[in-house]
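Chemist: Predicted model follows, preceded by the sequence.
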Amino acid sequence: MVGSFFNILPSMITSVPLTKIPPSAWFLVETFKILLLLSHPNELKVFYSWLRADSRISHSVAYTCRFYKAASVREFENVFALMMKEFNCIRESKGQLDEDLKQCDMVAFCGTSAGPLSVNRGYLGMYLDLNDFLEINPCFDDLDAMLPCGSAKEFAYRLSEIRGMDDDSLMKMHQRQLSLVERIFSPVQISNIREELLC
């Protein structure tokens, strides 16, 4: 199975047409395709350590790693070259975000807003705490809906949990994520800013 499995109405921040693939197709796929969205080379280093720590997250899973181009591309590529020698479940993205999304089943992210944006395009998202010293995330620490994982073990558990969910549970989970994304990208409310400043 490849592609978004939710047929939702696009919000104000995207006009990308969404496709519907039944979540039940997840039970039939041999290889689960995850788009890994990374904003800093250190996140890739931490993920590398996760792959080494728990073989379950590299079994029957294929990762497309999308690097934030404004960061140190050379450092990304140096770490990625080492990873490719050890793991055959990873590849580097060479296209646009929308092209990558069409080839995945879900997204995983740490410090990039591309994670919430992908949720808005109809994909289930998972927050991976790949921070090594500075804790950052695009969800303003409101992470419960994003299935947060703080270790390779937690990530393996979440993947197993998701694969065992029925259609209704997956839809409800994605709806919770959409509600969070709508709050993150909601228009600025001047009255709220004034209220906060006057406190």
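Modeler: Cool, got the structure. Numbering: from 1, shown residues only.

Chemist: Only C-alpha atoms from now on, for both contacts and neighbour counts.
Modeler: Will do.

Chemist: What's the separation between Leu128 and Asp105?
Modeler: 16 Å (C-alpha to C-alpha, to the nearest Å).

Chemist: Quick check: closest non-adjacent residue to Val181.
Modeler: Excluding its sequence neighbours, the residue lying closest to Val181 (C-alpha to C-alpha, 6 or more residues apart in numbering) is Pro116, at 5.8 Å.

Chemist: so what's that neighbour scoring on pLDDT?
Modeler: At Pro116, the pLDDT value in this model is 85.

Chemist: Kindly tell me how buried it is, as a neighbour count.
Modeler: Neighbours of Pro116 under the rule other C-alpha atoms under 10 Å: 27.

Chemist: which secondary structure elements does the helix or strand hosting it contact?
Modeler: If you go by DSSP states H and E, Pro116 is part of helix 114-120. When contacts are defined as 3 or more C-alpha pairs under 8 Å, 6 or more residues apart in numbering; DSSP states H and E, helix 114-120 packs onto strand 106-109, strand 125-127, helix 167-184.

Chemist: Show the contacting residues for Glu43.
Modeler: Glu43 is in contact with 110, 130-132, counting by C-alpha atoms under 8 Å, 6 or more residues apart in numbering.

Chemist: swap that for Glu182, sorry
Modeler: Here Glu182 is in contact with no residue (C-alpha under 8 Å, 6+ apart).

Chemist: if I look at it, how far off is Arg121?
Modeler: 12 Å.

Chemist: Where does Arg74 fall, secondary structure wise?
Modeler: Using DSSP H and E, Arg74 falls within helix 73-86.

Chemist: Which positions within that helix qualify as buried?
Modeler: Residues of helix 73-86 classed as buried by neighbour count (16 or more other C-alpha atoms under 10 Å): 76, 80, 83.
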